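>>> Fold the following, please.
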Amino acid sequence: MSLFLFAAGTRFFYPLKYSDEITAASQKHNVEAAVIYSIIKAESNFRTDAVSPAGAIGLMQVMPSTALFIAEKIELDGFTFGKLFEPETNIEIGTAYYRYLLNKFGDGETALAAYNAGEGAVGGWLKSPDNSDDGRIIKNIPYPETKEYVKRVEGNMKIYKYLYHL
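Below you'll find the predicted structure:
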């Protein structure tokens, strides 16, 4: 199989859906677009109607309480929970939340772990020398689900960067 056919087939599974919304939010919040595509791929596989058993909503699987916190923080006018099903709002809030986590933890892998497990859980992990050498960067993720999530998002990022040069 040629490299072209491999790339074309792979692009089917790694689409650039919602590129306008992702580009706008990525630029506004200074986050790589590849990270946002990769989070969406891992969280909802680009389904706007996705709702997790825990109650996370939409493309980036944002919890309503987190969405309200971020909507207030970024002064998002007219926010309602129903808007989490709209790509523009969900991507804006999810990207702003990821930026908030990056600012708080200072490391992409730690921010991804917090995106999945919650900043409180990660904050607790960072206090343990088994999980962090410096209290800021995670070296060991104790939740298997979160460890796999971070690997999946990082793997998605490699593919998105390779396929689309993001």
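
>>> just for the chain, where's the confidence low?
1-9 (pLDDT under 70).

>>> In it, which helix is the longest?
Under DSSP state H, the helix in the chain containing the largest number of residues is helix 144-164.

>>> Quick one: residues in contact with it.
Under the contact criterion C-beta atoms under 8 Å, 6 or more residues apart in numbering, helix 144-164 has outside partners 7, 10-11, 14, 16, 32, 34-35, 37-39, 41-42, 109, 112-113, 116-117, 121, 141, 166. Bear in mind the C-beta positions are built from the backbone N, C-alpha and C, glycine included.

>>> Give me the neighbour count for Glu72.
Other residues near Glu72 come to 10 when the count uses other C-beta atoms under 10 Å.

>>> Now the buried members of the contacts of helix 144-164.
Burial by neighbour count, 16 or more other C-beta atoms under 10 Å: within the contacts of helix 144-164 this picks out 14, 34-35, 37-39, 41-42, 109, 112-113, 116-117, 121, 141, 166.

>>> measure Lys151 to Ile39 for me?
13 Å (C-beta to C-beta, to the nearest Å).

>>> how far out from the middle of the chain is stretch 112-122?
Remark: stretch 112-122 is offset 11 Å from the chain centroid, using C-alpha atoms, centre = their mean, to the nearest Å.

>>> Same question for stretch 138-156.
For stretch 138-156, the separation from the chain centroid amounts to 12 Å (computed by C-alpha atoms, centre = their mean).

>>> Stretch 94-111 now?
9 Å.

>>> Go ahead and name everything in contact with that stretch.
Residues contacting stretch 94-111 (C-beta under 8 Å, 6+ apart): 22, 25-26, 28-31, 35-36, 39-40, 58-62, 66, 70, 73-74, 114-115, 119, 122, 126, 136-138, 150, 154.

>>> Show me the helices in this protein, by range?
3-13, 19-29, 33-43, 64-73, 87-105, 108-117, 119-126, 144-164.

>>> Skip the chain neighbours and tell me the closest residue to Leu68.
Leaving aside its chain neighbours, Leu68 sits nearest to Phe79 (7.4 Å; criterion: C-beta to C-beta, 6 or more residues apart in numbering).
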